[in-house]
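Undergrad: here is the input, now give the coordinates:
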Amino acid sequence: MTVNATRLTGRWVPWLVIGLWVVLTVFMVPLSGKLSSVTTDKAVDTLPAGAESTEVAALEDSLPGGEDNTFVFVYHRDSGVTDADRAVVERHYETLVKRYPPKAAAPEDEGPRTSPSADGKAMMFTLDVSTSHGGPEVVVGPLRDAAKDRPAGLQLEVTGPAAVDGDMDAVFDGIDLQVLLTTIVVVTLLLIITYRSPVLWLIPLVAVGAAALTSMATVYLLVKGFGIVVNDQNSALLTILVFGVGTDYALLLIARYREALHQHENVRVAMLHALRGAAPAIVASAATVVAGLLCLLVADLNSTSGLGPIGAAGILCALVAMLTLFPALLVLLGRRVFWPAIPRFDAVVEEKPGLWVRLGAAISRRRWVATLGSLGVLGVLTLGLAVGGTGALREQDQFVSAPESVTGFALLRQHFPELGGQPMTVFTRPGQQEQVLDVVQRTPGVAVAVPGETRGGWTDISVFPTDAPDTVAEYDTIKRVRTAVHAVNGAEAIVGGPSAEHLDTELTTDRDEKLVIPLVLLVVLIVLGLLLRAVVAPLVLMATVVVSFAAAFGGSVFVFDKVLGFKGIDYSVPLLAFLFLVALGVDYNIFLASRAREEALRLGTRDGMLKALSATGGVITSAGLVLAATFGVLVSLPLVMLIEVGFLVAFGVLLDALLVRSVLVPALTLLIGRRMWWPSRLSRPVEQPDGPRQFADDAEPALQR
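TA: Numbers count the residues shown, from 1 in each chain. Below you'll find the predicted structure:
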């Protein structure tokens, strides 16, 4: 044993590593608890950096008095509104205006105050509440309580952009803790089932827990130091990523460690050999995911670009913990941690033909059948893109169970069709207010334009479109209004508001997808090339992952549309799902291909792949199930976007682990043969002293049915 190896396997090394982690944890735990204090869902922090609606949101924040939260009160009685009802509505309005006074009084004849519907069954009024009274999540409850005093049969729905935001915030309230606890329970159950040991399941959980705390503290420091954006969605995804990926690394290392314990009596030496075998694949896997996540930095959408460093920090923390703390804990506890199935030191380990050996033999006999059959299954799933609905999901359809703000929008559309859309906000210079107001009122699709107050060198105008929120017709109206006001010389007019924000977000996401997706593919391909020292193998692996993503997306869209009844796909889902499935899906191919290359050096490509499949089949399948289950936690949350991301990634991971990695990649490798490793030396025949000789699998395989 070399001097370096002796040092690395000294008795003091595990204690030193654990001691360093204890010190680090003591420092990081208080910081991890502060992450929620820097989490934000303010529009200006999550919208596209260069969008017009972002300029409006930033201007509203910076002007004296701050931004207003717009609420809409919709009263309705099926039999028709009575005189007593009208008096109550007027009283409610006067009471609320006194409690939440507007920043400037508007003329009585401008804009809706307490407006009756044309069918006589409803009344409505809008209320602008300054952010000085608190955010939407703080104000919406007291507003609803203040209007409870009303005649029997008179129903009220408090809606509007701010009410939707308030209900959305209520969904995210406590979501981090819910995701964390649910993930811990799911991972614990899967580890207990996998190892059937009363102790072993706890060790990965402790290490991953330390990684999660460290990652949250690291992200907090990144926010304070570099101003990156962390919203509730990204915070929840951080927890899922760390637990899912960290547990995967643990499973892979345990499998190698168990093998090494049969060959080495000293547990520290066995762990060193396990790390030598598993660490390159684990590091390459982490590098792939980190590189893919950092590609998000080129995105213009603030919430998307913020996920890049957040996710990368989580993956790196998981990597360091699972390659330092986790091995140290295993070594310290010795072989007994595997009880009751303790691996004994025995240089000759009898290998029984198991499921993965039989599967490899079947694939070897029927290479074309395995290849075409796998591609056929993936192709059928891809057809879901043509059958299911792939339209954009409206904000009102984000909730699994529609809250009051969403049902209120439906009532507003029913009784006040001329005010069916969310109000736009137009900012203009005061000297051009009349011109801007005139062109806005004459723009097709505009129902009402109400001038507001002048402050800080700007005048705002509230514009009510006639079409339903987040529809193509409303978006077309927003585009027409922007074109009209931009044409007014000297006005410097800009158009924002909730629907304008959604429009800008969708347009920016389309642009980000066209930029980020090719960049992710290129970066992941480079990492694979460096790991496998080949060109053909990385191209084949990337092709299988891309096909797998298309199949997962198609199958998921079919389920969303035909089974779950969702009314579209959230704008952020395709890019996030692509990133996770390509980066994480490549993981399993990395684990398999790196082991296949290692074995091919001794056995040749064919036998090397079959050996790799039998050695890694069980652990990669277990890792896939764990990762799918952790993302599946998102399906339990009451928000459609998170359900879509969770289901799509979980389904895609299972496809990768159970079909692509288990059948398609081995079949393609056997078909391509040693050329899989071109141009490395593994792709060339081996010269022997008595003349040229090839591995048994180097000859062209006969076409087998």
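Undergrad: next, Gly376: phi, psi?
TA: Backbone torsions for Gly376, taken as degrees, to the nearest 10, come to phi -60, psi -40.
Undergrad: distance of it relative to Ala370?
TA: Computed with CB to CB, to the nearest Å, the distance linking Gly376 and Ala370 is 11 Å. All C-beta spots, glycine's among them, are computed from the backbone N, C-alpha and C.
Undergrad: buried set for whatever helix or strand Ala84 lives in?
TA: Per DSSP states H and E: Ala84 is located in helix 83-99. Of the residues in helix 83-99, those with enough neighbours to count as buried (16 or more other CB atoms under 10 Å) are 85, 88-89, 92-93, 96.
Undergrad: neighbours around the closest residue to Leu393 other than its chain neighbours, how many?
TA: Nearest residue to Leu393, sequence neighbours excluded (CB to CB, 6 or more residues apart in numbering): Gly568, at 3.7 Å. Other residues lying near Gly568 total 20 when counted by other CB atoms under 10 Å.
Undergrad: start the count at 313 instead of 1 going forward.
TA: Yes, from this point I'll number from 313; that puts the last item at Gly880.
Undergrad: three-state assignment of Ser391?
TA: Under DSSP: H, G, I helix; E, B strand; the rest coil, the three-state class of Ser391 is coil.
Undergrad: that one contacts Pro463, doesn't it?
TA: No - between Ser391 and Pro463 no contact is recorded; they are 11.8 Å apart, counting by CB atoms under 8 Å.
Undergrad: who's more crowded, the two?
TA: Pro463 (11 against 8).
Undergrad: surely the more buried one is in a helix?
TA: No - read with three-state DSSP, Pro463 is coil and lies in no helix.
Undergrad: ok, back up a step: what mean pLDDT does the helix holding Ala396 have?
TA: Mean per-residue pLDDT for helix 395-411: 88.
Undergrad: what is the next helix or strand along the chain from that helix packed up against?
TA: Sequence order places strand 427-428 as the next helix or strand after helix 395-411, per DSSP H and E. Where contact means 3 or more CB pairs under 8 Å, 6 or more residues apart in numbering; DSSP states H and E, strand 427-428 is packed against strand 434-442.
Undergrad: hang on, Ala941 packs against Ile496?
TA: No - applying CB under 8 Å as the test, Ala941 and Ile496 come out as separate, 11.7 Å apart.
Undergrad: next one: Met313, what pLDDT does it get?
TA: The model reports Met313 with a pLDDT of 40.
Undergrad: which one is Ile971 nearest to, not counting chain neighbours?
TA: I think there's a mix-up here, since residue 971 is Leu and not Ile. With CB to CB, 6+ apart as the criterion, Leu971 has its nearest non-adjacent residue at 5.8 Å, and that residue is Ser686.
Undergrad: and that neighbour, what does it touch?
TA: Ser686 makes contact with 971-972, 975-976, 979 under the criterion CB atoms under 8 Å, 6 or more residues apart in numbering.
Undergrad: out of those residues, who's nearest Asp380?
TA: Distance from Asp380 was checked for each of the contacts of Ser686 by CB to CB. The minimum falls on Val972, at 51.5 Å.
Undergrad: what values do phi and psi take at the one residue sitting closest to the centre of the chain?
TA: Here the mean C-alpha position of the chain is nearest to the C-alpha of Leu888 (CA atoms, centre = their mean), at a distance of 5.0 Å. Dihedral angles of Leu888 (phi, psi; degrees, to the nearest 10) stand at phi -60, psi -40.
Undergrad: ok, now the one 5 residues further on?
TA: Reported as degrees, to the nearest 10, the phi and psi values for Leu893 are phi -70, psi -40.
Undergrad: and the nearest residue to it once chain neighbours are set aside, how far is that from Val579?
TA: The shortest distance from Leu893 to any residue other than its chain neighbours is 4.1 Å, reached at Gly964 (CB to CB, 6+ apart). Counting by CB to CB, the gap between Gly964 and Val579 amounts to 37 Å.
Undergrad: which of the two has more residues huddled nearby?
TA: Here Gly964 and Val579 are set side by side on neighbour count (other CB under 10 Å), and the busier one is Gly964, at 29 against 21.
Undergrad: where does the more buried one sit, in terms of helix or strand?
TA: With secondary structure defined by DSSP H and E, Gly964 is part of helix 952-967.
Undergrad: how about Thr559, nearest residue that isn't a chain neighbour?
TA: Closest residue to Thr559 apart from its sequence neighbours, by CB to CB, 6+ apart: Val938 at 4.8 Å.
Undergrad: please state the offset of stretch 614-626 from the chain centre?
TA: Between the mean C-alpha point of stretch 614-626 and the mean C-alpha point of its chain there is a distance of 10 Å (CA atoms, centre = their mean, to the nearest Å).
Undergrad: cool, and stretch 603-611?
TA: What separates the centre of stretch 603-611 from the centre of its chain is 13 Å, taken as CA atoms, centre = their mean.
Undergrad: and if you look at stretch 744-753?
TA: In terms of CA atoms, centre = their mean, the gap separating the centre of stretch 744-753 from the centre of its chain is 42 Å.
Undergrad: buried ones in that stretch?
TA: By neighbour count, with 16+ other CB under 10 Å as the criterion, the buried positions of stretch 744-753 are 744-745, 747-749, 751-752.
Undergrad: make TSV out of those and add pLDDT, distance to Ala363 and secondary structure.
TA: What follows is the buried residues of stretch 744-753, written out as TSV (pLDDT from 0 to 100; distance: CB to CB, whole Å; DSSP: H, G, I helix; E, B strand; the rest coil):
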residue	pLDDT	distance to Ala363	secondary structure
Gln744	90	22	helix
Gln745	90	24	helix
Gln747	92	24	helix
Val748	92	20	helix
Leu749	92	24	helix
Val751	93	22	helix
Val752	92	20	helix
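Undergrad: of those, closest to Ile566?
TA: Minimum separation from Ile566 among the buried residues of stretch 744-753 (CB to CB) is found for Val752, which lies at 65.2 Å.
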